[in-house]
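Peer 1: Just to be clear, the model below is a prediction. Sequence and coordinates:
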Amino acid sequence: MKVLNTINEVRNLVKEWKTQALKIGFVPTMGYLHEGHESLLKRASQENDRVVVSIFVNPMQFGPKEDLSTYPRDLERDSVVCERAGANIIFHPTNEEIYFDDFSSFVDMNGLTSGLCGKSRPTHFRGVCTVVTKLFNIVTPDRAYFGEKDAQQLAIIKRLVRDLNIDVEVIGCPIVREEDGLAKSSRNTYLSEEERDAATILNKALTLAKSKIQDGERKAENIIKIIENKIDEEKLAKIDYIEVVDSFSMENVKEISKSVLVAVAVFIGKTRLIDNFTYEL
């Protein structure tokens, strides 16, 4: 496995692979990899001849009061995870390698980005769309792998690829959870022991809501209230949003009559966590 820091190095090696008709899998990350990332890497290595993983904490997708400076970083630790999972390249560029000093071109989207996380993080998805487009242009993968925990992001990337005719297959992979149900996240490292216990309320609330839908509840407002009441039982939890949206358009629904995404964002102390489930009718 190689750790490459420049765009030209990555492009040259990928071009060499493509002359051999090798299929390229790509897993874009911000590093501090956990078992969720590792599951993406393992699937990419199973379905492709070569795997590239990017580790880049993208400044463009952080708001002015968010955790860019404190976001966890550990390339040595990440390298062990990548090699174990079958990656061939870690692309680990500097900010300067990705963004020129006078960088002024952006990729943005309407509609899908306005609700859920986009409501409280208004510039976040412009940063995601811009950097992912750049990474796709650099790596030129056949397939790219994203976690379903970031369900809105996954829907946005799929729409981006469709709308801009980017020649890559976008594959969503299931959420990986701790034994107590907490979704794996790099930000879980911010939690104190007490907060870590409190964070299980997200999955508990979503599990309860899913059981109510399975029992026949179809009104979105009732599902939202069930989740809200459950999360309110935890004193360390502060709700950012609870929404029931169409799985494809990300628009709010009143009645659950087709595939929906039930998604939450909750602050546990100062740490913002997200979780979700999709329900197919």
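Peer 2: It's in.
Peer 1: Please parse this structure into its domains.
Peer 2: With domains defined by the TED database, the chain comprises 2-173, 188-279.
Peer 1: Just send those back as a markdown table, with distance to Leu182 and mean neighbour count too.
Peer 2: Placement of C-beta: from N, CA and C, glycine included. Shown next, in a markdown table, are the domains of the chain (distance: least, CB to CB, whole Å; neighbours: other CB atoms under 10 Å):
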| stretch | distance to Leu182 | mean neighbour count |
| --- | --- | --- |
| domain 2-173 | 11 | 18 |
| domain 188-279 | 5 | 17 |
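Peer 1: For Asp180, find the nearest of the ones you listed.
Peer 2: domain 188-279 (5.1 Å; CB to CB).
Peer 1: where's the closest one relative to the chain centroid, distance-wise?
Peer 2: 17 Å (CA atoms, centre = their mean, to the nearest Å).
Peer 1: which residues in the stretch 1-150 of the chain form strands?
Peer 2: 2-4, 24-29, 50-55, 89-91, 143-147 (DSSP state E, counting those that start in this stretch).
Peer 1: out of those strands, nearest to Gln214?
Peer 2: Checking the strands of the stretch 1-150 of the chain against Gln214 by CB to CB gives strand 143-147 as the closest, at 24.0 Å.
Peer 1: Touching the next helix or strand after the closest one from outside, list them.
Peer 2: Per DSSP states H and E, the first helix or strand lying C-terminal to strand 143-147 is helix 151-163. The contact list for helix 151-163 (CB atoms under 8 Å, 6 or more residues apart in numbering) reads 107, 109, 112-113, 115-118, 125, 128-129, 132-133, 136, 144, 146-148, 166, 168, 170, 172, 247-248, 250, 261, 263, 276, 278.
Peer 1: all helices of the stretch 101-250 of the chain, in order?
Peer 2: Secondary structure of the stretch 101-250 of the chain by DSSP state H, counting those that start in this stretch: the helices cover 117-120, 124-139, 151-163, 193-198, 201-214, 220-231.
Peer 1: Looking at those helices, which is nearest to Gly86?
Peer 2: helix 124-139 (16.2 Å).
Peer 1: Okay, and the beta partners of Gly147?
Peer 2: In this entry, Gly147 is beta-bridged to Cys173, by DSSP bridges.
Peer 1: Could you pull up the residues touching it?
Peer 2: 36-37, 40, 154, 172-173, 175-176.
Peer 1: Pull up the gap between it and Tyr99, please.
Peer 2: For Gly147, the distance to Tyr99 equals 25 Å [CB to CB, to the nearest Å].
Peer 1: now swap in Ile89 and tell me
Peer 2: Per CB to CB, Ile89 is found 21 Å from Tyr99.
Peer 1: can you check Glu255 too?
Peer 2: 44 Å.
Peer 1: before we move on, what about Ala144?
Peer 2: Ala144 is 21 Å from Tyr99, by CB to CB.
Peer 1: what's the answer for Val52, then?
Peer 2: For Val52 relative to Tyr99 (CB to CB), the value is 20 Å.
Peer 1: for Tyr190, same thing?
Peer 2: Counting by CB to CB, the gap from Tyr190 to Tyr99 is 26 Å.
Peer 1: rewinding a little: would TSV of the strands of the stretch 1-150 of the chain with distance to Leu13 be doable?
Peer 2: Listed next are these as TSV, based on distance: least, CB to CB, whole Å:
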stretch	distance to Leu13
strand 2-4	7
strand 24-29	10
strand 50-55	9
strand 89-91	7
strand 143-147	17
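Peer 1: In three-state terms, how would Leu273 be classified?
Peer 2: Classification of Leu273 by DSSP: H, G, I helix; E, B strand; the rest coil places it in strand.
Peer 1: Does it touch Ala263 like I think?
Peer 2: No - with contacts counted by CB atoms under 8 Å, Leu273 stays clear of Ala263, the gap being 11.6 Å.
Peer 1: show me the residues around the most centrally placed residue in the chain that make contact.
Peer 2: Computing the C-alpha centroid of the chain and ranking residues by CA atoms, centre = their mean puts Asp150 first, at 3.7 Å. If you count contacts by CB under 8 Å, 6+ apart, Asp150 has them with Ile274.
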